[in-house]
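Trainee: fold the following, please.
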Amino acid sequence: TYLVYRLKDTYYADASEQSGLRSFKDTDFVTVLQNAINTLPLFTSDQTTPIGGTILIAPGKYLVTTPITINKNYVNIRGMNGQKDETVSLFTTAPMSDMFIIGDGVVEKTFINLSNLYLFGGKDLLTRLGIDSIFSPTNSLIKFNFVSDTYIHNIGMSDSSAKGIQYINNVGIYVSASRFGGCESYGIELQGLCEGLIIGNQFLVNNGGLVATLDAIGLTPSQIMVMGNLFGCPGSIGIIALGGRWVIANNQFSYSEIAIRLGTTGGGSSALLNNSSIIGNVVDFNSATAKFIDIQNSSYNNTIMGNVVLSSGDGITVTLGNNNLIMGNNLQGVSGTKFTLIAGTGNIVKFNKGYVSENSGATSVADGGTINHGLASAPTTVRCTPSVSGEFISVTALAATTFTVAIKKHDGTAGTSQTIYWEAEI
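Mentor: Numbering: from 1, shown residues only. Now for the predicted structure:
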């Protein structure tokens, strides 16, 4: 274990006595921290068990002049809590692509834990905190490249023109209780083959909350669970999901132009979402031009159920999607079009509050008369039962608000005016 701290203009990394490791000091924070990381043992003394170590950082402000790299296993970097809500704050003060670079993308690393840190990208906020810097990372504040079992907890990220976290081909992702605010790019990017849990975070960013992208050979994330997060992304998209077997549940979306997009154009046949569940989310304070869900690029076999839209311009749009189940959502807060099917087949849309996709009734009508069906659009299926024995009912026309019936006797003449019992579905 190391303890990193600052006294006046000097930074120290003191090793615990039982570790047998050497201590470091320097006027540059990154030099001290990097020396401590590099000195952590790879294995126990018998060279059989990976060991790594823990680096504790004392409360204070720390200047990051070059990227901090972690290229070994079992590393835990944790900020300590101080008196009067003191925190551990890291600031970029020189040009760089990423504040943290974890993994080299060649040999897989494992078990990396970052917690209780506040990372500032050096854009505008730093001058208000007394730090003279105009530099922001160009790519991300934290970059994981081919790392398994990574843990991010209670990390604050702000004031950056870059992404918050970029994951490239990482499995075992766990992100919790963290805040992504003021990042002008995505809060989190999942690139390539990624799996993991993203639970209980705040995404208050300008250009996307959680975004999945393809890697260079077209791999996509899968088995991603996104639960209990708050997304507030003005003018942008809360979640872009690609791949398969996602669970997006119990999140809240506010002020987003699109809350959730399933699939995206421009990435070929791999840039779609399949076999995933979008359940129990709440959408509020979206603008009159915003929408809840946009399904694109032949995304298929997804279940959208039990979501509540309190305010949004449009509800659910299937730009191109097949065999999706959209059921039991509350779309009453949608001020525009509640459901739109532009292209796709086999989609089932039923029992959504505010969007009438099935209706029934008993209407008195004569031969050639019309019945108001009350559906959101023209029905595709109508079933009618006559009330007069020996007469027959057929549907001759379907329209946006009505359907037309013919009532006939056995000899083909007009039947009796009567009550028709009907059921209609979109």
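Trainee: can you pull the contacts of residue 369?
Mentor: Contacts for residue 369 (C-beta atoms under 8 Å, 6 or more residues apart in numbering) come out as 404, 405. From N, CA and C alone the C-beta is placed, and that goes for glycine too.
Trainee: same thing but 10 Å
Mentor: Listed by C-beta atoms under 10 Å, 6 or more residues apart in numbering, the contact set of residue 369 reads 363, 402, 404, 405, 406, 407, 417, 420.
Trainee: take the residues you listed and keep only those in strands.
Mentor: Counting by DSSP state E, those place 363, 402, 404, 405, 406, 407, 420 in strands.
Trainee: which one of those is nearest residue 2?
Mentor: Taking C-beta to C-beta as the measure, residue 402 is the one of these closest to residue 2, at 76.5 Å.
Trainee: tell me which residues in stretch 29-48 are buried?
Mentor: Under the neighbour-count criterion of 16 or more other C-beta atoms under 10 Å, stretch 29-48 has 29, 30, 31, 32, 33, 34, 35, 36, 37, 39, 40, 41 buried.
Trainee: now it: mean pLDDT?
Mentor: The predicted model gives stretch 29-48 an average pLDDT of 85.
Trainee: same check, this time on stretch 399-413
Mentor: Mean per-residue pLDDT for stretch 399-413: 95.
Trainee: which stretches of the chain form helices?
Mentor: 29-39, 125-128 (DSSP state H).
Trainee: so which of these is nearest residue 323?
Mentor: Comparing the helices of the chain by C-beta to C-beta, helix 125-128 comes nearest, at 46.6 Å.
Trainee: mean confidence score for the longest strand that the chain contains?
Mentor: If you go by DSSP E, the chain has its longest strand at strand 147-160. On average, the pLDDT along strand 147-160 is 92.
Trainee: given that strand, what are its sheet partners and their directions?
Mentor: strand 109-120 (parallel), strand 173-176 (parallel), strand 179-183 (parallel) (DSSP bridges).
Trainee: that older thread, identify the farthest-apart pair in the ones in strands among the contacts of residue 369.
Mentor: 402 and 407 (15.6 Å).
Trainee: tell me who's in contact with residue 394.
Mentor: 382, 384, 404, 405, 406, 407, 408.
Trainee: if we go to 7 Å?
Mentor: Contacts for residue 394 (C-beta atoms under 7 Å, 6 or more residues apart in numbering) come out as 405, 406.
Trainee: look at it and report its pLDDT.
Mentor: 96.
Trainee: any idea how far it lies from residue 387?
Mentor: As judged by C-beta to C-beta, to the nearest Å, residue 394 and residue 387 stand 16 Å apart.
Trainee: just residue 280 next, same as before
Mentor: For residue 280, the distance to residue 387 - C-beta to C-beta - is 43 Å.
Trainee: just checking, residue 288 touches residue 314?
Mentor: No. With contact defined as C-beta atoms under 7 Å, residue 288 does not reach residue 314; the gap is 9.2 Å.
Trainee: pLDDT score for the most centrally placed residue in the chain?
Mentor: Against the mean C-alpha coordinate of the chain, by C-alpha atoms, centre = their mean, the closest residue is residue 239 at 3.5 Å. Looking at residue 239, its pLDDT stands at 96.
Trainee: just name the closest of the contacts of residue 369 to residue 55, please.
Mentor: The nearest one, if we look at the contacts of residue 369 relative to residue 55 and count by C-beta to C-beta, is residue 402, at 72.0 Å.
Trainee: what's the distance between the closest one and residue 411?
Mentor: On the measure of C-beta to C-beta, residue 402 and residue 411 end up 28 Å apart.
Trainee: re earlier: neighbour count winner among residue 402 and residue 407?
Mentor: Legend: neighbour count by other C-beta atoms under 10 Å for residue 402 and residue 407, higher for residue 407 (23 against 17).
Trainee: that one and residue 383, how far apart?
Mentor: 15 Å.
Trainee: where does pLDDT dip in the stretch 151-300 of the chain?
Mentor: 267 (pLDDT under 70).
Trainee: mind redoing it with 50?
Mentor: Along the stretch 151-300 of the chain, the model assigns pLDDT under 50 to no residue.
Trainee: now swap in the stretch 301-426 of the chain and tell me
Mentor: Along the stretch 301-426 of the chain, no part satisfies pLDDT under 50.
Trainee: and the strands in it, which stretches?
Mentor: 303-305, 308-309, 314-318, 321-322, 325-327, 339-341, 348-350, 358-365, 370-372, 381-385, 392-398, 402-408, 418-425 (DSSP state E, counting those that start in this stretch).
Trainee: returning to what we had before: for the ones in strands among the contacts of residue 369, which one is nearest residue 89?
Mentor: Taking the ones in strands among the contacts of residue 369 together and measuring to residue 89 by C-beta to C-beta, the closest member is residue 402, at 65.4 Å.
Trainee: so the closest one touches residue 373, yeah?
Mentor: Yes. At 6.5 Å, residue 402 counts as touching residue 373 under the criterion of C-beta under 7 Å.
Trainee: how near is the closest residue to residue 296 other than its chain neighbours to residue 43?
Mentor: Among residues not flanking residue 296 along the chain, residue 263 sits closest, at 4.2 Å (C-beta to C-beta, 6 or more residues apart in numbering). With distances taken as C-beta to C-beta, residue 263 is found 44 Å from residue 43.
Trainee: how about residue 307?
Mentor: To residue 43, residue 307 is 49 Å away according to C-beta to C-beta.
Trainee: could you count how many residues lie near residue 349?
Mentor: With other C-beta under 10 Å as criterion, residue 349 counts 22.
Trainee: what residues are bridge-paired with it?
Mentor: Per DSSP bridges, the residues bridged to residue 349 are residue 326.
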